[in-house]
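In: Make a model of this:
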Amino acid sequence: MVHSFFLLDSILVYLGSCMLFNRGSSQDAVPSDEDSDQLLCRFVVDGAGKRIGESIGIDGDILIIKSNARFLGVPLKHIEEQETVLLVKGLVDLKKACELGEHWQTKSTREMIDGEGDEEK
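Out: Below you'll find the model as predicted:
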């Protein structure tokens, strides 16, 4: 248990080093529904091949990653598809990734509670 915590901690330190998040309005970065389906339910790894978490959603041009008990948001332009996993290219600002993940979680929870997207309305 201590070893896995140390491993996660080292991954998070690695991710937290530095990455610029450019939330431009480029529509090219937003994948089609077909493309986004290929990005979901895949393990996400860093440059060293260490598992960060699993992709669970896409919010605009941000990939949402479930990493233990938290959600991380990483811009799609920093994600590269490999054969069996998704690779995060470069370094990630962990604080910003956590903020994006928390924003997504709050927004999606609110949508579920408010019934947004409910076809029976």
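In: If you count contacts, what does the helix ranked longest in the chain end up packed against?
Out: Ranked by residue count, the top helix of the chain under DSSP state H comes out as helix 94-114. Applying 3 or more Cβ pairs under 8 Å, 6 or more residues apart in numbering; DSSP states H and E, one finds that helix 94-114 contacts helix 2-16, strand 51-59, strand 62-67, strand 70-75. C-beta coordinates here come from the backbone N, C-alpha and C atoms, glycine included.
In: What residues does Gln105 make contact with?
Out: Neighbour list for Gln105: Phe71 [criterion: Cβ atoms under 8 Å, 6 or more residues apart in numbering].
In: any idea how far Gln82 is from Asp46?
Out: From Asp46 over to Gln82 the distance is 12 Å, taken as Cβ to Cβ, to the nearest Å.
In: Neighbours of Asp61, how many?
Out: Counted with other Cβ atoms under 10 Å, residues neighbouring Asp61 total 19.
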